[in-house]
Structure formats: C-alpha cells, structure tokens
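J.: Next input, structure requested:
(chains A and B, ligands or ions: 1)
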Amino acid sequence: MSSLYERIGGDAAVEAAVDVFYKKVLTDDSISQFFETTDMDAQREKQKKFLTVAFGGPNDYSGKDMRAAHAHLTLTEDHFGAVAGHLQATLEELGVPEAEIGEAMAIAASTHDDVLGL
Amino acid sequence: MNKVTITYEGSQVSCDPDKSILENLITQDIDVTYSCQKGSCLTCVMKTDHDVDPKSRAPLKPTLVEQGYFLGCQQKPNDGMVINAADQIGVFHNVRVTNIELRGGQVAIVRLTVPDGYEYRPGQFVNIIGPNYTLRSYSIASIPLDDELEIHVKEHEFGTVSRWLCDKSLIGQEIEISEPEGQCFYLPGRSSSPLLLIGTGTGLAPLIGIIRDALSQGHDGKIELYHGAVNDDGLYLIDELQSLSSEYDNLSVHLGVLNKGSLNHTLEGAINDIALSQHHDLTGWRVFLCGDPDMVKKTKTKAYLADAALSDILADPFDIQDVKN
Ligand code: FES
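T.: Take a look at the predicted model:
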C-alpha cells in the first residue's frame, strides 16, 4: 500500500495545508507567541516540515531533532493539544478522508514526548 | 572521470560533475556557509549569471532569483560557471556627496554620485562607512534613471554616522558605500496587481524608490502608500508625495501621525493599523513594509493573515541603525 503521504497528495497537499495550518496557529492567542518571528518564511518552512512529518512523508526530522527544536520552549500539554487540534481542523477543512486524518493524528501524537521533552 | 572547472570567488576550482557545487567546495576545504545540504535551510545561497537547474532556485524568493541567486547544494557544476559567494559586504565604492538637504523631523535627504556600472534596485540598501569605520545601512530612495543616489537620514542625537551625514560640511567630500543589498524591491511583471506600501519615518525612503520604479516600469495597478510619523514634522516628503499622486491616477497617498497636529488631511493613529483597517483582503496584493522593526513584524503577520502570500510580503526592518554609539 502506498504511504499516507502519497495518499494524501504528497508535497502539493503539504503546500495546501501549510497556509491553512499556519494561519490557525498564528491567530490562536494561547500559542501564537511561539510562532511569532521576524523570519516568517523560515517559520512557515518549519510548519511545512512538521506537516510532512505528520503525513508520514520524507523528512529530515529525527526524534532527537524534535527534542532539540523544542527544548528552549516552555511547553505544556495544553500547547501540544492546541497544535494538534489545529492540525485536525486543517485536514478536515481540506477534505482529507477520516481514516487518513486518524493516521496523521497518530503520527503527530507520537512526537508528544519529544516535543514536550518528557 | 572527467572533471569540470568552475570559477568560485575568482579562483579556478576543479570539480566532480556528479557532486553538487557545495559538496565540491566543501571537499576542497573552501570556506563556504551551509547546513542542511538538502535545499531547505537556504544558507548555501550563491550567485551566478549562468543558467542553473530550476530546482536550485525553487525555494528562493523571486527577488533573489532575479539577482542570480541559487542554492549551491542543489546544483551540479557546469564547465566554465562563474560563481560568487552571496555576501558582498567586502566590496566598497568611493562616491561624492553632492547635496545634503535638511527637512522636517530631523531628516536629511543626502545625494551621492553613482559609481560606474553600479546596478541597484530601488528599495535595496547600502552600507555606509562612517567615522571610525562605523557601518550603517541606508535604503535607496532614488531610481536608476536618476543621476544621483538618494538616501534619507534621520539624525539621532548620539548617532555618529547619522550626525556626520546630516552635517552640510560633508558636501563635496568622498565617502564609501557598499554594493546594494536586500530583497525589498519591485519585481517587473504582474503590472496590474495592487501594491500596498507601509512605512514609518525614513522607512519611506525605500518605498518612494519602489513606487517610482514601479511607475517607470509601467505599473498600472493600484498603488496605496501609507506613511506614518510621530508628528506632522516627520512627514518630511509631503510635497513630493502630493505632486507624484496628482501625476499618477493609480497612486494614492495616505499620511498618518500619532499626535494629530494642524495639517488637516492627515489621519491619526498608528499607520500600519490605519492601512490594514482600510484593506481587509490582501489576496493578490504585493505588500512592502519598511521602518520600525516591531511595526514591520506585526504588520507582516497581519498581512499574511489578510491572505497576502508570504512571497509577496517584502520587508526591510530598520534594526537599530544609528542610535548606538
Ligand atoms: S545547505 Fe541547506 S539549502 Fe543548501
């Protein structure tokens, strides 16, 4: 069977999802502070990488990178939950089938400990 | 194996054609900046006039592509390619100060001669070497059709370079300026797409350059300029802006001050808030932001949320340039 990444539509799907997702994150006051930066392009690239990971696509991100990238932030369960919620909403908005959303959410959930540094 | 030869920063480098340019340079211990080697971090940008693989330009902004930039890690060497590192900070030119005109808000309009063969795009900036080798950046307000290079300098009480540039005794003297840098400029094409330009203080300098550049290239879409200052005094280019907007129907100029004074056609408040309250939907707009870094940062996010594409938001934050020293 082809990978989740391929079934969802590969890089084109990630491109479509990243704007929707990033806008949700930026307008959520409970987490927007983590995403505010002068270099929005770089930040958007990071969101794209995250989505690629969540879609099970080719990525350069190891668990160790995930850990290092989030180590300097004080993150809580609530923050993690908020981002996961936006991911789910983004996929729903783009009409991704339920089964694929489930798979993506499971992959996102697997980053939980690394992101929160547990 | 057949080797190919490229020129990197003036030196001939023999390369393995199957490896990327970056990899070739690294294996020969040539000093280059890089990180991911996968085309995503963009730290390995280099410059060439030769044709390159579209893949090595795909992640770059159109304004960078236009200047010949590409990613060294995504490009194989072709025989005879001439490549330079992206960073040209080392190159300086001698120019003469031809005029210094003092305006309101402690701003001086400084005019310089243009070095031979100097190619710049209005909106880019130059670094100027001031007293004691202090370096400061100033945006270019003129267009290449003008005879002189124009910059706008806000005089700061403790600014070594700004005070020096605002002192008329500098007229006639030679100073040193860098190659033009920065990606905040007008890109030809899409001539009927609307432009929104927001600037505070001397952040107006690059914007006026960009507007005149766009107009001289036949831009016929709407151009909305918002210039903000603390007081009326800081609206230092009011006459020029008004005559330009009466000459071009597609240009509207909006002036705003934080403290409303006696000028009756000015708006009151933060200019970025005023501009965005008048433009809720920026789909298809190109947005140019210059001035106070905090304003630029906030407005960039807001413009993105108002549906401007990130690649269409060009910004030049003035990180504290003259206030030090
Ligand atoms: S080294 Fe990261 S893009 Fe080339």
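
J.: Residue 56: what's it in contact with?
T.: Since you didn't name a chain, this refers to chain A. Each residue near residue A:56 by CB atoms under 8 Å, 6 or more residues apart in numbering or on different chains is listed here: A:3, A:4, A:5, A:103, A:104, A:107. No exception for glycine: its C-beta is placed from N, CA and C like everyone else's.

J.: I was after chain B.
T.: Contacts of residue B:56 by CB under 8 Å, 6+ apart are B:39, B:70, B:71, B:72, B:74, B:75.

J.: Type out the PyMOL command that picks the buried ones from the residues you listed.
T.: Of these, the buried ones go into a single PyMOL selection, burial set by 16 or more other CB atoms under 10 Å in any protein chain shown:
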select buried, chain B and resi 39+70+71+72+74+75
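
J.: from the contacts of residue B:56, which is closest to chain A?
T.: residue B:39 (10.3 Å; CB to the nearest CB).

J.: Which residue, neighbours along the chain excluded, lies closest to that closest one?
T.: The shortest distance from residue B:39 to any non-neighbouring residue, by CB to CB, 6 or more residues apart in numbering or on different chains, is to residue B:74 (4.6 Å).

J.: pretty sure the one you found is touching residue B:20, no?
T.: Yes: look at residue B:74 against residue B:20 with CB atoms under 8 Å: they come within range, at 6.7 Å.

J.: and the least confident helix or strand in chain A by mean pLDDT, how far from the chain's centre?
T.: Between all helices and strands in chain A, the lowest mean by mean pLDDT, DSSP states H and E belongs to helix A:63-70, at a mean of 75. When distances are taken as CA atoms, centre = their mean, to the nearest Å, helix A:63-70 is centred 14 Å away from the chain's centroid.

J.: can whichever helix or strand comes after it be found next to chain B?
T.: For helix A:63-70, the following helix or strand on the C-terminal side (DSSP states H and E) is helix A:77-93. No: remark: helix A:77-93 sits outside contact range of chain B, by CB under 8 Å from any CB of the partner chain, the gap being at least 14.1 Å.

J.: Keeping just the C-alphas, turn helix A:77-93 into PDB.
T.: Extracted C-alpha coordinates of helix A:77-93, given in PDB (Å, rounded to 0.1, in the frame of the first residue of the first chain):
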ATOM      1  CA  GLU A  77       0.000  19.600  27.400                       C
ATOM      2  CA  ASP A  78      -2.400  22.500  26.500                       C
ATOM      3  CA  HIS A  79       0.000  23.800  23.900                       C
ATOM      4  CA  PHE A  80       0.500  20.400  22.400                       C
ATOM      5  CA  GLY A  81      -3.200  19.800  22.400                       C
ATOM      6  CA  ALA A  82      -3.900  23.200  20.700                       C
ATOM      7  CA  VAL A  83      -1.500  22.500  17.900                       C
ATOM      8  CA  ALA A  84      -2.900  19.000  17.400                       C
ATOM      9  CA  GLY A  85      -6.400  20.500  17.300                       C
ATOM     10  CA  HIS A  86      -5.300  22.900  14.500                       C
ATOM     11  CA  LEU A  87      -3.800  20.100  12.600                       C
ATOM     12  CA  GLN A  88      -7.000  18.100  12.800                       C
ATOM     13  CA  ALA A  89      -9.100  21.100  11.800                       C
ATOM     14  CA  THR A  90      -6.800  21.800   8.900                       C
ATOM     15  CA  LEU A  91      -7.100  18.300   7.500                       C
ATOM     16  CA  GLU A  92     -10.900  18.400   7.900                       C
ATOM     17  CA  GLU A  93     -11.100  21.700   6.100                       C
END
